[in-house]
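# model the structure of this input:
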Amino acid sequence: MADQEIREYWQHTVGWLKAFPSNFPQYIQERLPIIRWLPKYSWSWAVKDIVAGITVGLIVVPQGMSYAKVASLPVQHGLYSAYIGAIFYCFMGTSKDLTIGPTAVISLITGELVAQLAGRYSPAEVAGISCLAVGAMTMILGVFQLGIVLDFFPSTVLVGYTTGAAITIVVSQIPKWIGIHGINTREPAYLVLINVFKALSTISLLDLAFGLASMLGLYGIGYAVDRWAHGRFSIQLIKISRFFIVTVLATICSYLVNINAPLDQNGQIIPRISILTTVPSGMPALQAPRIERHILVEIGPKLLAIALATILEHIAIGKAFARKNRYQIDSNQELLTLGLANVTASFFGAYTVTGSFSRSAVNFQCGVKTPLAGLVTGALVILALQLLTPLFYYIPDATLSAVIMVAVSSLISLPPVFLEFFSVNLWDFLSSQVALWVTLFVSVEVGIASGVTFALIVLLVRIARPQIHLLRPLQSRPDVFVTSKYSAHNFMDTVNAPPGVLVFRMEEAATFPNMETFRTWVQDEVYRHTRFGGLVRTTEDRLWSDNLEKHVRKLREQGRRGDTYRTSAPINDQDLPFLRAVILDCSAMNNIDSTGLQGLRDLKENLKDYAGARDDSGVFFELHFAAVQDNVLSILTRSGLTKPSVSSVIAELRKVQVVNVDASSMRSTCSSSHHSQSSYAAESHSLLDNDKHRSPSYGSLHVTQSVPSHDALVHLTIRDAIDAVLASAEARKRDNDEGMEEQGTEVGGSGHSMSDSDTDNSSIHKHPAT
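Numbering: from 1, shown residues only. Below is the predicted model of the structure:
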């Protein structure tokens, strides 16, 4: 299977390379989607694209500066990231709603990276290194179309660490918001809170006033608009632009407060509140990041955390808005776009960019029609860098902290979200909690790693410990086999399969992590429901580790396990049928590997030993497969473990006199019998649970060649497999009867006859297990 997939992949790659020159124009169109949609652009879309672009620009200017502060970078670097990301995505993005730029979580991890390399690299150099490295990693995933890697990172972990990171960011902004200085906000959130409480006596009342006023303004505008807008978009724009409005008003107030502030010896004012002060104007100079190998090794874990956060956040946001607007995004193209955007941004003084949920939501609310809105946003940010930086001088730090706290509060998932995880799946809930609390008490990168590791461990455990069911036919529909849990939940009665025939289904691929569990589980259920049919070993022949008898007794005393039913007392061995066949329902088995094949071989041999079905024993045991998927069937056939019988072999089997059991006869019999015994069960009991047919004295009798002996077959349905087992039993019964008549004739001719009691005694003597 693997070899075939490798060959197909290689042939596809070679074919793609050969056709590349002729397909180059199409390749360019795929990599630059703007070439496809721009010629179809309708001017009626322009108004909404321009409105969305300007609105997002008014938001990203204060947010970009605020997030740069979170990243421990000069505020202009947040603006560099904002315009490069927005413009670049316009040309290569596949989502009309998504807007990329600086975000809270990425800023937090970047800030930790800046602190780690402080003294050796400037903050700007650290930003360039991380941006280039993350861009290269992301671009490689996109070029080689490895978006499938993202499937190993569950959304619950994303929710957990995003919530933890958002809470960490909110807590880290509290000191500046209330005017406390000298607190290390790079420590875990709980330590920051402890230090804030210790330093409450040093609060700056003016900073606190600006912080509270800004917070009240941001939430007040949102509340007022929600209450009185009544769906009017013109009023909704006020809420959407509240970050810009509050920042402008706070800056004006800050200017008025500081207009008469004293000057230092250099002629610079000594502000009465904490403000941004000078922000360089103009565009950044083109400069390649300075990267050294030993630095990459040192900061590798944090770079990986930034890359994971960048990719997961971007793809999750893109898919969410695509789902809401009924269109598709290309994950591999998004990875390539994100990678190229970051690689390019690293040469212009920016730090890592990714999709922003809050700004993408604004884009959506403005009714954006195409990614062209990003071009408007980028132009607005460039305009701010060129003309408005002198006005940034008086922006209060407390206001920027309030902007950050309100912006990231939307990333905090409330308890109902986690309760939903708990109600759906306990392990999903636990993975989200691991990511959340480790992020809060350690760091973001450790939180991501812990959550993903926990989720992968759970995934491996699920694969290694799959759900395995013992199936029984429904009383009302004997051709339908279900688990006891299903029948109990739906108030449906089941009947037993023919004596000695057990049907199993594993809800997983048969691979190396779970094959031993599957084999052991099936054998244990066989031990519970059937009795030993092999030859009893003498003390001399018994293996030193043979503990089967004790193990079987313990299993039968345990009561319920899986889909079996609890018994009030240990089952009498003589009340159980001998093992005749095991049928594996493979409808949920989508793959099988070499270990799985070997496990099935071992299972078959062990069950043959237990049934006593060895050469010349006169006892038959069959392993059958039903509802096998095509790829699994191909592997089973090539391995020689089975034959693809299906209809042809079934038809051949039915040439023998088979008990004819159709669904209608089973239903009528089941409904009229108090014990739910049908002709299916009654007649099959006579075929499958007759001790006479187990005697080794009949081992040399001829068996018709139309019935395969001890051979695994593949069937369309479980019913077909059971019919095949009954056909085998009927053929053997008929041949045994004919053999007995021939032997009786020979014995009678020699003047001696063998009674039934003699036969039974001889059988018991030669085959103690029966």
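# isn't residue 343 up against residue 133?
No: counting by C-beta atoms under 8 Å, residue 343 stays clear of residue 133, with 9.5 Å between them. In short, each C-beta sits where N, CA and C put it, glycine included.
# looking at those two, which is more packed in?
Applying other C-beta atoms under 10 Å to residue 343 and residue 133 shows that residue 133 carries more neighbours, namely 25 against 19.
# what about that one, which helix or strand?
helix 123-143 (DSSP states H and E).
# output the contacting helices and strands for that helix.
Packed against helix 123-143 by the contact rule (3 or more C-beta pairs under 8 Å, 6 or more residues apart in numbering; DSSP states H and E) you find helix 75-92, helix 104-116, helix 293-298, helix 300-325, helix 331-345.
# right, and the helix or strand after it?
Scanning the chain past helix 123-143 towards its C-terminal end, the next helix or strand to appear is helix 155-178 (assignment: DSSP H and E).
# how much does that following helix deviate in direction from helix 104-116?
Interaxial angle of helix 155-178 relative to helix 104-116 (axes from the mean of the first three to the mean of the last three C-alpha atoms, to 10 degrees): 70 degrees.
# helix or strand next in line after helix 155-178, which one?
On the C-terminal side of helix 155-178, the closest following helix or strand by DSSP H and E is helix 189-198.
# angle of that following helix against helix 155-178?
Relative orientation of helix 189-198 and helix 155-178, computed by the same axes, to 10 degrees: 20 degrees.
# what mean pLDDT does helix 189-198 get?
For helix 189-198, the per-residue pLDDT values average out at 93.
# may I see the buried residues of stretch 361-374?
Within stretch 361-374, the residues scored as buried using 16 or more other C-beta atoms under 10 Å are 361-366, 368-374.
# in those, find the pair that's most separated.
Using C-beta to C-beta, those reach their maximum pairwise distance at 361 and 372, which is 18.5 Å.
# can you give me the strands in the protein?
Taking DSSP state E as the criterion, the chain contains strands spanning 100-101, 354-355, 468-473, 481-482, 501-506, 581-585, 622-626, 713-715.
# out of the ones you listed, indicate the one that is most buried.
Greatest average neighbour count among those goes to strand 100-101 (a mean of 33), per mean count of other C-beta atoms under 10 Å.
# how far off centre is it?
Its chain's C-alpha centre lies 26 Å from the corresponding centre of strand 100-101 when counted by C-alpha atoms, centre = their mean, to the nearest Å.
# need the contact list for residue 418.
If a contact means C-beta atoms under 8 Å, 6 or more residues apart in numbering, then residue 418 has 159, 429, 432, 433 as its contacts.
# check the gap between it and residue 131 for me.
For residue 418, the distance to residue 131 (C-beta to C-beta, to the nearest Å) stands at 33 Å.
# kindly report the same for residue 270.
When C-beta to C-beta is the yardstick, residue 270 and residue 131 sit 36 Å from each other.
# residue 227 too?
In this structure, residue 227 and residue 131 are 42 Å apart, going by C-beta to C-beta.
# neighbour count for the two, which is higher?
Per other C-beta under 10 Å, whichever of residue 227 and residue 131 has more neighbours is residue 131, with 31 against 8.
# not counting sequence-adjacent ones, nearest residue to the more buried one?
Sequence neighbours aside, residue 346 is the residue nearest to residue 131 in space, at 3.8 Å (criterion: C-beta to C-beta, 6 or more residues apart in numbering).
# that neighbour and residue 139 touch, don't they?
No: the pair residue 346 / residue 139 is not scored as a contact, 11.7 Å apart, by C-beta under 8 Å.
# more crowded one of the two?
residue 346 (26 against 19).
# pLDDT wise, what is residue 290 at?
In this model, residue 290 carries a pLDDT of 84.
# tell me, how many neighbours does the nearest residue to it once chain neighbours are set aside end up with?
Once flanking residues are discounted, residue 290 sits nearest to residue 125: 5.7 Å by C-beta to C-beta, 6+ apart. Residue 125 has 17 neighbouring residues, counting by other C-beta under 10 Å.
# same deal with residue 554?
Neighbour count for residue 554, taken as other C-beta under 10 Å: 13.
# likewise for residue 196?
18.
# over to residue 590?
Neighbour count of residue 590, defined by other C-beta under 10 Å: 12.
# ok, now the one 4 residues further on?
Here the number of neighbours of residue 594 (other C-beta under 10 Å) works out to 14.
# can you get me a residue count around residue 351?
For residue 351, the tally of surrounding residues (other C-beta under 10 Å) stands at 32.
# contacting residues for it?
With contacts defined as C-beta under 8 Å, 6+ apart, the neighbours of residue 351 are 68, 71, 73, 77-78, 81, 102, 106-107, 110, 127-128, 130-131, 345.
# what's the closest of the residues you listed to residue 519?
Relative to residue 519, and with distances defined as C-beta to C-beta, the nearest of the contacts of residue 351 is residue 106, at 47.8 Å.
# and that closest one, how far from residue 93?
From residue 106 across to residue 93, the span is 18 Å (C-beta to C-beta).
# of these two, which one has the most company?
Comparing residue 106 with residue 93 by other C-beta under 10 Å, the one with more neighbours is residue 106, at 29 against 26.
# once you drop chain neighbours, what's closest to that one?
residue 352 (5.0 Å).
# what do you get for residue 443?
Distance criterion C-beta to C-beta, 6+ apart; nearest residue to residue 443, sequence neighbours excluded, is residue 112 at 6.4 Å.
# surely the one you found touches residue 302?
Yes: Residue 112 is in contact with residue 302 according to C-beta under 8 Å; the separation is 6.5 Å.
# now do the shared contacts for these two.
Taking C-beta under 8 Å, 6+ apart as the contact rule, the neighbours common to residue 112 and residue 302 are residue 445.
# how close does the closest residue to residue 524 other than its chain neighbours sit to residue 575?
The spatial neighbour of residue 524 that comes closest, neighbours along the chain excluded (C-beta to C-beta, 6+ apart), is residue 555 at 5.6 Å. If you measure residue 555 against residue 575 using C-beta to C-beta, the figure is 15 Å.
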